[in-house]
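**Q** test case, fold it:
(2 chains)
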Protein chains: 2
Amino acid sequence: MSISFEVFAKESRRLLESQMTEYAKAVLCPAVLRDAMLYSLEAGGKRIRPLLLFATLHAFQKKREIGLAAASALEMIHTYSLIHDDLPCMDDDELRRGKPTNHKVFGEAMAVLAGDGLLTYAFQVLAENRHPEVTEAMNLRLVLELAKAAGPEGMVAGQVADMEAEGKQLTLSQLEYIHQNKTGRLLEFSVLAGAVLAGASLAQTEELMEFARNLGLAFQIRDDILDVEGNEEEIGKRVGSDVANEKSTYTTLFSMEEAKQILHETTERAKNAVRSLQLQDEYLLQICELVAKRTH
Amino acid sequence: MSISFEVFAKESRRLLESQMTEYAKAVLCPAVLRDAMLYSLEAGGKRIRPLLLFATLHAFQKKREIGLAAASALEMIHTYSLIHDDLPCMDDDELRRGKPTNHKVFGEAMAVLAGDGLLTYAFQVLAENRHPEVTEAMNLRLVLELAKAAGPEGMVAGQVADMEAEGKQLTLSQLEYIHQNKTGRLLEFSVLAGAVLAGASLAQTEELMEFARNLGLAFQIRDDILDVEGNEEEIGKRVGSDVANEKSTYTTLFSMEEAKQILHETTERAKNAVRSLQLQDEYLLQICELVAKRTH
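**A** Next comes the predicted model:
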């Protein structure tokens, strides 16, 4: 009998956050750099990526502890991408999760460096993981997959494509390319890291990637819907910014009703992929629900 | 009988540059991102870090090929740091090596992303190196050491300390902290990577690190001297910018004559460390000369 998803999620967040704080405090560097990195690491958020990693480990009846370094690295990469995205030369956002953005507090130069620092530190944390159940081969595989997911063949490519697309009418496949790379690849890595650390077979890993791809897509469609229908206070940022920036989204390419139907079908495909594996999949299925129905 | 240092250096640069171009062209990403990364990778420069790595391999009678991935990764990290350093919110430089800086050509947002892309891609290149003489353990070690050297405990820390120091009178130890981290750590990694890939013993590696530390210091003292005495056209950037920015340097903390004396002593310490190992050290010694006497 497993603990409830709510307890699992809450414990996971606590475990992750205390580990990340420990990592950040251990960095030997000027205090202001540590403060700037910690400010954004501790700014909260859903911690959906670490949760996905832990839920994947749970599916294989593995403890969260073996994934703590990878989950921290993942959240560092996600955090760096938010800091750089918010910069004046990028999205120029003043609020993130209801708090002033990093550059508003520490200045632009420090925000660039805090982002660079978190990005690089993520690889340090992965490479120096000494958990007894984690092999060197696993660590190297995680470094490679994280770099691919986050770098110029993944998240950075998505970011560039997104920027290039501003003010243009996109086709569905162009929109999917952006989503797949900008947010999808890191969500996929969350599941892949769990699979690698749990010693999943190739066939299991492929099915889990099918789950992760559809979950990532669902995540982004829900994001597009929230940008229209969301509550500004709950989201912690301005609503309607996609429309203001003339971005193509699921709600501009489709009607709201169609977008919700696509979201439903995508979520079902994700669930079916994971169910077919007959693992201890309760938490993975509940994350699907969470993503499809989230209000922020 | 080895080839002359000049031929070795020229061949090393050609080998490195063709490999880096190959890596960059292989990236599956929007064309503008690839162009922005390639623009700065191909902007030239002394390629002193890759040369150091190859010269260290040569000291152990190892071929350059086993260090090609690490040398490329190193130069990608160095290049990303230049792109971000040049940003308007950082040093706000318009010229680098005599060419317009990345953000002048591609815009600020793309320059941030090209830097992020190169930084992340460096780890991908290291992690997917499949040279038959390079083991997984070596690759993982290189990832860890590069992250430490480049990240918040290394280069990024030095960058922050340098920024914090602007307009302040520094002590020698504060100045050394900045140099050690901002430029020293990556130069040290160049030698360390060669030692790891050549299978150097712990004692050999320690002596090589003594060499690298002093070489890095010499490099920076020479930089400070060039900022006063250098030729603008040869350096490819404005001379006197340290004075203009009220930076503490070896030439403000010491007289020019003293700075040159310290440079001489530091270079000798570097040479003595490497000589004590009785390796095939000719190219390492010639790099010391190059660093101490360079005009750009």
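**Q** what helices and strands are in contact with the longest helix seen in chain A?
**A** In chain A, assigned by DSSP state H, the helix with the most residues is helix A:202-229. The contact analysis (3 or more Cβ pairs under 8 Å, 6 or more residues apart in numbering or on different chains; DSSP states H and E) places helix A:202-229 against helix A:48-59, helix A:172-179, helix A:185-198, helix A:241-244, helix A:250-253, helix A:256-275, helix A:282-293. C-beta: built from backbone N, CA, C; applies to glycine.
**Q** which non-adjacent residue is nearest residue A:283?
**A** Once flanking residues are discounted, residue A:283 sits nearest to residue A:55: 3.8 Å by Cβ to Cβ, 6 or more residues apart in numbering or on different chains.
**Q** over to residue A:279: give its phi and psi.
**A** Here is the backbone geometry of residue A:279 (degrees, to the nearest 10): phi -100, psi -170.
**Q** can you report how many residues lie near it?
**A** Residue A:279: 19 surrounding residues under other Cβ atoms under 10 Å in any protein chain shown.
**Q** roughly how far does it sit from residue A:11?
**A** For residue A:279, the distance to residue A:11 (Cβ to Cβ, to the nearest Å) stands at 20 Å.
**Q** what's the burial count for the nearest residue to residue A:44 once chain neighbours are set aside?
**A** Excluding its sequence neighbours, the residue lying closest to residue A:44 (Cβ to Cβ, 6+ apart) is residue A:97, at 5.5 Å. When counting by other Cβ under 10 Å, one arrives at 15 neighbours for residue A:97.
**Q** now do the contacts for residue A:74.
**A** A:49-50, A:53, A:122, A:146, A:186, A:189-190, A:193 (Cβ atoms under 8 Å, 6 or more residues apart in numbering or on different chains).
**Q** what average pLDDT does the host helix or strand of it get?
**A** With secondary structure defined by DSSP states H and E, residue A:74 is part of helix A:68-85. The pLDDT scores in helix A:68-85 average 98.
**Q** same deal with stretch A:256-275?
**A** Rounded mean pLDDT across stretch A:256-275 is 96.
**Q** export that stretch to CSV, keeping only CA atoms.
**A** Only the C-alpha atoms of stretch A:256-275 are listed here, as CSV (Å, rounded to 0.1, in the frame of the first residue of the first chain):
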residue,chain,number,x,y,z
MET,A,256,-10.9,26.8,-27.1
GLU,A,257,-13.2,23.8,-27.4
GLU,A,258,-10.9,22.0,-29.8
ALA,A,259,-7.8,22.8,-27.7
LYS,A,260,-9.5,21.2,-24.7
GLN,A,261,-10.4,18.1,-26.8
ILE,A,262,-6.8,17.8,-28.0
LEU,A,263,-5.6,18.1,-24.4
HIS,A,264,-8.0,15.3,-23.3
GLU,A,265,-6.9,13.0,-26.1
THR,A,266,-3.2,13.7,-25.5
THR,A,267,-3.6,13.0,-21.8
GLU,A,268,-5.3,9.7,-22.6
ARG,A,269,-2.5,8.7,-24.9
ALA,A,270,0.0,9.4,-22.1
LYS,A,271,-2.0,7.3,-19.6
ASN,A,272,-2.4,4.4,-22.0
ALA,A,273,1.3,4.3,-22.7
VAL,A,274,2.2,4.0,-19.0
ARG,A,275,-0.6,1.6,-18.2
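**Q** buried ones in that stretch?
**A** Using 16 or more other Cβ atoms under 10 Å in any protein chain shown as the test for burial, stretch A:256-275 gives A:259-260, A:262-263, A:266-267, A:269-271, A:273-274.
**Q** these also near chain B: which ones?
**A** Among the buried residues of stretch A:256-275, no residue is within reach of chain B (Cβ under 8 Å from any Cβ of the partner chain).
**Q** one step back: so for the residue nearest to residue A:283, what's the pLDDT?
**A** 98.
**Q** from chain B, how far out is it?
**A** Distance, residue A:55 to chain B, using Cβ to the nearest Cβ, to the nearest Å: 26 Å.
**Q** spit out the contact partners of that residue.
**A** By Cβ under 8 Å, 6+ apart, the residues touching residue A:55 are A:8, A:194, A:283-284, A:287.
**Q** got it, and residue A:89?
**A** B:107-109, B:112.
**Q** out of the residues you listed, what pair is the most spread apart?
**A** Taking Cβ to Cβ as the measure, the contacts of residue A:89 span a maximum distance of 9.4 Å, between B:107 and B:112.
**Q** neighbour count winner among these two?
**A** Ranked by neighbour count (other Cβ under 10 Å), residue B:107 and residue B:112 place residue B:112 first, with 27 against 15.
**Q** please, which helix or strand holds that one?
**A** Using DSSP H and E, residue B:112 falls in helix B:108-127.
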